[in-house]
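Engineer: Fold the following for me, if possible:
(2 chains, ligands or ions: 3)
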Amino acid sequence: MDYKFVPSVCPYCGTGCGVLFEVIDGKIVGTLPNKTHPVNEGKLCIKGWNMHEYVNSFMRLKQPLVKTFGRFIKTEWDEAIQVTADRFKKIIDKHGPDSVGVLVSAKITNEENYLAQKFARAVIGTNNVDHCARL
Amino acid sequence: MQAQVEQWLKEGKVDIFIGYKKVDGHVMPHFFTKENIDEVKDLVAGQAHYSLEKVATKVAAEHPDMKIGILLARDCNQQALHVLYVWNQLNPNQIQTLEAFEASSDSEQPEVSAPYKQQMGLGKSMAPKDMEAFDHAERFSRWMYEFSKCLKCYGCRNICPVCFCKECSLEHKDLVRAGNLPPEIPIFHLVRAVHMAGRCIDCGLCEEACPSDIPLRLLYRKVDEIVQDVFDYETGTSPDQSPFSVLGEKVVLEPIPINE
Ligand code: SF4
Ligand code: SF4
Ligand code: SF4
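Structural biologist: Ligands and ions are numbered 1, 2, ... in the order given. All right, here's what the predicted structure looks like:
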C-alpha cells in the first residue's frame, strides 16, 4: 500500500499549470489542479485534467524507434542518438548546415529551449530555429 | 490534532489518514500511515480547498476493507461525507473523522463583478433571489451568456466531491459519440444541475475550479432551493436515505404539494 500526491507541471502547453498527481501503489490514478499554484490557481483545462490517462496509455511510446528500410524498429537510446547523429552528418556534408532546421516548443523549459538553439547554431551551424507556435 | 492522528495510526483505529502537509510552501493533501508516522508532525489543517472525501472514495474503491481517517478542515466536508454515505460511496463504519475547522466555505470576500459581466451575466456573489429579480427573458439571456463561456474542461464535475457516477452521462458512449463535440450549451450545465439535486452540498469547489468564471454555485443553490421546497430535504445534514435514492425496499419519495 503506497499512496501519495506528487506535485508536477502540466506538460501539454506553454501555460505550465501546476498539478498534483494522485499515485496509488505506484500508478498515477488521477490528476488534480494545484490550488495554490500561482499560474493556474486551482484551475485546469480538459487536457490537464486527463493527464493521468496518457501516462497509463498502452499506446504510449516507452522506447526510441528508428526508421530503417521504411519500418520503425525498437532500439536503445545510445543507438538511436548515434543513428540520428550519423544521418545529420550525412545530410550536412551533402547539402550544407542550412538544410537542417530546429523547431523548439513552449512545452519545454527555457533552459531546454536555450540548449536547442545553441545546438542549432553551434553544433549544426544554422540559424534555422523556430517555434512550434508558428508552424 | 497531530497527537490524535498518531494515536489512531498506532492503535490501528485507522490504517490511513488523509490530511494536509505543506510541501514547498503549498498545502497539499497527504496520506499519513503507520509506516511514515514521523510525518504526522507535519500534519496541518490549513486553508486549502481539496476534496479529501473524494480522495477517500478512491482509496475505498481500491481497498474496501481499509479504515480511513479524514481531516475535516471545512464545514462542508462532513456534509459531503453524509452524501457519500447516503449513496454508498463510503461505508460510515470504515471512516473516522477529525474536526479541525479553520476555513469556512463562505469565508471569502464577495467578489465584485467586472462591468461587462454586471451588464451581461450573473455575479458569483448573487443569491437565487437576486437572480430572480430579472424577468425570465433577461435571466435566460444572462445564463446563456455565462454558459457560452464554458470551455468544457469538465473541471466542475471532476472536482466535485459528490460527483461519483461510474458512467457520467456527459461522456456516455450512447449519448455522446467519441470524436464528436461534447454536449452543447446549456445542456451540459443543466444536466449537471439536475444531477446535483439532493447531492450538492454547496462547497463551492466547482466554481473555484471553473476557468471561465461561471457562477455555478448559484445554479446549484437554486436547484437545492427547489429540493428543499418540494421534498423538504436538506442535503448533507444526515447520513439517512435521501428522497432521491429510489433503489431499496422502502419508498421514500414523498413529494409535498407545491402551492403556487
Ligand atoms: S492544463 Fe491546459 S492550459 Fe494548463 S498547462 Fe496544461 S494544457 Fe496548458
Ligand atoms: S458546490 Fe459544486 S463542487 Fe461542491 S458539491 Fe455542489 S456541485 Fe459539487
Ligand atoms: S468548470 Fe467551468 S469551464 Fe469547465 S466545464 Fe465546468 S462550467 Fe465549463
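
Engineer: Residue 53: neighbour count?
Structural biologist: Picking chain A for this. Counted with other C-beta atoms under 10 Å in any protein chain shown, residues neighbouring A:E53 total 11. Bear in mind the C-beta positions are built from the backbone N, C-alpha and C, glycine included.

Engineer: meant chain B actually
Structural biologist: The number of residues packed near B:E53 is 29, by other C-beta under 10 Å.

Engineer: which residues touch it?
Structural biologist: With contacts defined as C-beta atoms under 8 Å, 6 or more residues apart in numbering or on different chains, B:E53 is in contact with B:70, B:77, B:80-81, B:84, B:90, B:161.

Engineer: Next, check those against the strands and list the overlap.
Structural biologist: The subset of the contacts of B:E53 located in strands under the criterion DSSP state E comprises B:I70.

Engineer: Need the contacts of B:E53 in JSON lines (columns: neighbour count, pLDDT and distance to ligand 2).
Structural biologist: Compiled in JSON lines, the contacts of B:E53 are given as follows (neighbours: other C-beta atoms under 10 Å in any protein chain shown; pLDDT from 0 to 100; distance: C-beta to the nearest ligand atom, whole Å):
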{"residue": "B:I70", "neighbour count": "24", "pLDDT": "92", "distance to ligand 2": "16"}
{"residue": "B:N77", "neighbour count": "22", "pLDDT": "87", "distance to ligand 2": "11"}
{"residue": "B:A80", "neighbour count": "29", "pLDDT": "90", "distance to ligand 2": "7"}
{"residue": "B:L81", "neighbour count": "25", "pLDDT": "90", "distance to ligand 2": "12"}
{"residue": "B:L84", "neighbour count": "25", "pLDDT": "90", "distance to ligand 2": "11"}
{"residue": "B:L90", "neighbour count": "25", "pLDDT": "88", "distance to ligand 2": "15"}
{"residue": "B:P161", "neighbour count": "27", "pLDDT": "92", "distance to ligand 2": "6"}
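
Engineer: per-residue pLDDT, A:P11?
Structural biologist: Predicted confidence (pLDDT) at A:P11: the value is 86.

Engineer: Tell me how far the closest residue to it other than its chain neighbours lies from B:Y50.
Structural biologist: Take A:P11 and drop its neighbours on the chain: the residue closest to it by C-beta to C-beta, 6 or more residues apart in numbering or on different chains is A:K107, 5.7 Å away. Separation of A:K107 from B:Y50 (C-beta to C-beta, to the nearest Å): 26 Å.

Engineer: Neighbour count for the two, which is higher?
Structural biologist: For A:K107 against B:Y50, the residue with the higher neighbour count under other C-beta under 10 Å is B:Y50, and the figures read 25 against 16.

Engineer: these two touch, right, the more buried one and A:N34?
Structural biologist: No: B:Y50 is beyond contact range of A:N34, at 9.7 Å (criterion: C-beta atoms under 8 Å).

Engineer: who touches both of those two?
Structural biologist: Between them, B:Y50 and A:N34 share these contacting residues under C-beta under 8 Å, 6+ apart: B:M28.

Engineer: And for A:Q63, nearest residue in space, chain neighbours not counted?
Structural biologist: Looking at A:Q63 with C-beta to C-beta, 6+ apart, the closest residue is A:K74, at 5.1 Å.

Engineer: Quick one: the contacts of B:E53 as TSV, columns for distance to B:D38 too.
Structural biologist: Rendered in TSV, the data for the contacts of B:E53 read as follows (distance: C-beta to C-beta, whole Å):
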residue	distance to B:D38
B:I70	21
B:N77	26
B:A80	30
B:L81	28
B:L84	31
B:L90	28
B:P161	30
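
Engineer: Just flag the most distant two among the contacts of B:E53.
Structural biologist: Distances among those were taken as C-beta to C-beta; the most separated pair is B:N77 and B:L90, at 12.2 Å.

Engineer: Am I right that A:Y114 sits in a helix?
Structural biologist: Yes: counting by DSSP: H, G, I helix; E, B strand; the rest coil, A:Y114 falls inside a helix.

Engineer: Just give me the neighbour total for it.
Structural biologist: Burial measure for A:Y114: 11 neighbouring residues, criterion other C-beta under 10 Å.

Engineer: who touches stretch A:74-90?
Structural biologist: A:63-66, A:100, A:124.

Engineer: and the residue nearest to A:Q63, what are its bridge partners?
Structural biologist: Counting by DSSP bridges, A:K74 forms beta bridges with A:L65.

Engineer: Distance check, it against B:V112.
Structural biologist: When C-beta to C-beta is the yardstick, A:K74 and B:V112 sit 59 Å from each other.
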